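Asker: here are the coordinates; sequence isn't available:
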Ligand SMILES: O=c1ccn([C@@H]2O[C@H](COP(=O)(O)OP(=O)(O)O[C@H]3O[C@H](CO)[C@@H](O)[C@H](O)[C@H]3O)[C@@H](O)[C@H]2O)c(=O)[nH]1
Ligand SMILES: [Mn+2]
């Protein structure tokens, strides 16, 4: 073939970070020095007072922090960047593979249909041959309003897509394009024709929004949405509706096919949340269009860069060996995000430091949205270099049936994917295969097959893996363990933008779900250590996964360490050297260096100092609330006492309207509700206030006469004070009003915990 003459589509560029490596090692050295001193004093050869029990607890915690630091450094050590040259694909349009695009939505209240519609419209309008694309929307909410919204959006798409292409619109989610902060008409205002078109398009969009927002479920069902009649959210048959079939439409108004799917739900079946939805989308699309590449986005993640699929193709087609891009993941970035990241969930610095770092190992993690998968990888195939073609030769019908289930159409489509037919996508019209798609979307279809299976001993693990709230991490890990690498897609402008949750309850819910899922992974047969021993997960990649997976465990150590300060003040003990002691220099240097290091990372990523502080603070708040609760929930689950559920994150509607006139006076201020996640951080806050008060009273009033050699010193006071600064939202919340105040029931429970703790300190 003429491939030798082809221009390179991508470049993998290692990034230098020599100075950072020195800083990494300096902190490691300080941590080790701290440990060494602790051990020495516990062995009793440091002279002075014999160390208390606290020193032992501190040693254990500090050893853990050192381990976490090593995991952190491993992740950041050798970053790479992938540059993509999408313009070089222009001569290779015929070679481009088909792409099935999946959008998942689950709840019309938390995920307003207008949001989903914008995501869908942005995907329908991307720069890619329309006959190679199909868009599937999975609606776990089984909502006639969502369906109606999509049907109306299809009508709008007939105007919107040609408009975007004609005028090369930059952001093709209409709510951004028409928002007050959007760029407005992009041509000179003297272009009358364009201006007229722009105005009429804007008014069409506004009409669409008002139709959707005024739609009422009951009246829709009465007006002939027969399928939704009597459909309960958790008990209904599959509904599949072809809203637009590109294969039978005229080329002129061409835009990708659009299919609505609400999979069957029955109370007696477990639905596996998003992972279950993704598996149904995979199968339904297999029998309908069977594209070899699948893109998946959450309902709020619109395509921000119209060339995003072309950029992804640079990574999917641009390596000599496909093993380098088993999947292609774009970072999660956010639209209309609050200034200075008050809830510490915009992840800018994490992606830039750890994201690029892990991209330099076996590859970036699968993040659940903004990801391009190869269908064959999802079908459990290994790279050629690991399991050569002979195995792929021709699996028997029986084998395929065992893996993929009994649908004939499913088996045939899987066979063509497995045989490596890149242009395998189906061509005939979609409507004729709806029955086959319904068959593979039923609850019972997966029974006895390999779909979602957690057992790693199977030769095949097919689809999104069940058993964790973070199906994304688990599935990505499974793919890396099969020997694939992944590539990091980071075009400019950013590929996709979504919404980050705001307010205390929504942010903590999201982190709690993530931590729950990560802990479920650690406790499962798919934990990265096993995968690295028995499968092809590389060692450093395994450590990178562990860095994430240990979140909930970190909470336990961090909580113990955070309690050491107040314990010492209350019980008149110490866990740090006295300021006069030369050993005091080590924790002091560590505290300063570590914070300076973090601060410099934010500056390096051109993120504000304020955002640095907010992230520092929120990380500790997440640890004591969301991570800790996740830890406890999963413990209860393993004891069989409770189940874990996927709580959907509320998507901000204000971004959909483009106006922020919401009732919230200060959207960046921390809000509370009566959820138990708020209890531990509230208790920590109170206990530190009490400890400082008692400690200060003892030092000032009693201190003079007493033997203070074993009691607390500057170090302990600084720890408590620092903790109160980090938990400032809670300090304010103690006296706050309405949703800005910690509810009485939470204060009461926190107060009881504090009383118990104080009692314990005085007894011991
Ligand atoms: O039963 C369910 C539950 C959720 N979803 C969809 O899953 C997506 C993610 O849910 P969201 O509430 O937005 O969670 P986030 O925390 O924002 O999502 C991140 O974390 C999840 C794992 O916890 C991943 O699935 C997501 O892709 C990733 O973006 C949304 O499109 C939902 O509609 C379903 O389709 N079915
Ligand atoms: Mn989300």
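Answerer: Sure, I can see it. For clarity, every value in this text was computed on a predicted model and none was experimentally measured. Residues are numbered from 1 along each chain as shown. Ligands and ions are numbered 1, 2, ... in the order given.
Asker: for the residue in the chain positioned nearest to ligand 1, give me its contacts.
Answerer: Among residues of the chain, the one nearest ligand 1 by C-beta to the nearest ligand atom turns out to be residue 368. It sits 2.2 Å away. For glycine as for every other residue, the C-beta is placed from the backbone atoms N, C-alpha and C. By C-beta atoms under 8 Å, 6 or more residues apart in numbering, residue 368 lies in contact with 274, 296, 298, 470, 471, 472.
Asker: any idea which of the residues you listed is closest to ligand 2?
Answerer: Nearest to ligand 2 out of these is residue 298 (C-beta to the ion; 4.6 Å).
Asker: contacts only, for the closest one.
Answerer: By C-beta under 8 Å, 6+ apart, the residues touching residue 298 are 103, 104, 119, 368, 369, 498.
Asker: SS state for whatever residue of the stretch 301-450 of the chain ends up closest to ligand 2?
Answerer: Of all residues in the stretch 301-450 of the chain, residue 369 sits closest to ligand 2, with a separation of 6.8 Å (C-beta to the ion). Look at residue 369: counting by DSSP: H, G, I helix; E, B strand; the rest coil, its state is coil.
Asker: find the residue closest to it in space, skipping its chain neighbours.
Answerer: residue 298 (4.2 Å; C-beta to C-beta, 6 or more residues apart in numbering).
Asker: tell me the pLDDT at the one you found?
Answerer: If you check residue 298, the pLDDT there is 97.
Asker: what pairs with it across the strands?
Answerer: residue 104 (DSSP bridges).
Asker: buried sites along whichever helix or strand residue 196 is part of?
Answerer: Element membership for residue 196 (DSSP states H and E) is helix 192-214. Going by neighbour count (16 or more other C-beta atoms under 10 Å), the buried part of helix 192-214 is 194, 197, 198, 201, 204, 205, 208, 209, 212.
Asker: just give the number of residues close to whatever residue of the stretch 651-764 of the chain ends up closest to ligand 2.
Answerer: Relative to ligand 2, the nearest point of the stretch 651-764 of the chain is residue 651 (6.9 Å; C-beta to the ion). Using other C-beta atoms under 10 Å, residue 651 has 23 other residues around it.
Asker: for the closest residue in space to residue 576 that isn't next to it in sequence, phi and psi?
Answerer: Nearest non-adjacent residue to residue 576, counting by C-beta to C-beta, 6+ apart: residue 715, 3.3 Å away. Main-chain dihedrals, residue 715, degrees, to the nearest 10: phi -50, psi -50.
Asker: any idea how far residue 598 is from residue 715?
Answerer: For residue 715, the distance to residue 598 equals 20 Å [C-beta to C-beta, to the nearest Å].
Asker: which one of the two is surrounded by more residues?
Answerer: Using other C-beta under 10 Å as the criterion, residue 715 and residue 598 rank with residue 715 on top: 20 against 16.
Asker: my read: the more buried one touches residue 583, true?
Answerer: No - Residue 715 is beyond contact range of residue 583, at 10.3 Å (criterion: C-beta atoms under 8 Å).
Asker: what touches both of those two?
Answerer: Common neighbours of residue 715 and residue 583 are listed as residue 577 (criterion: C-beta under 8 Å, 6+ apart).
Asker: pull the number of nearby residues for the nearest residue to residue 139 once chain neighbours are set aside.
Answerer: Excluding the flanking residues, the one nearest residue 139 by C-beta to C-beta, 6+ apart is residue 262, at 4.5 Å. Using other C-beta under 10 Å, residue 262 is surrounded by 29 other residues.
Asker: residue 15 too?
Answerer: 12.
Asker: is it in contact with residue 356, as I believe?
Answerer: Yes - using C-beta under 8 Å, residue 15 makes contact with residue 356 at a distance of 6.4 Å.
Asker: what residues are shared contacts of the two?
Answerer: The contact lists of residue 15 and residue 356 share 79, 80, 81, where a contact means C-beta under 8 Å, 6+ apart.
Asker: so which of those residues belong to strands?
Answerer: Judged by DSSP state E, the subset of these located in strands is 80, 81.
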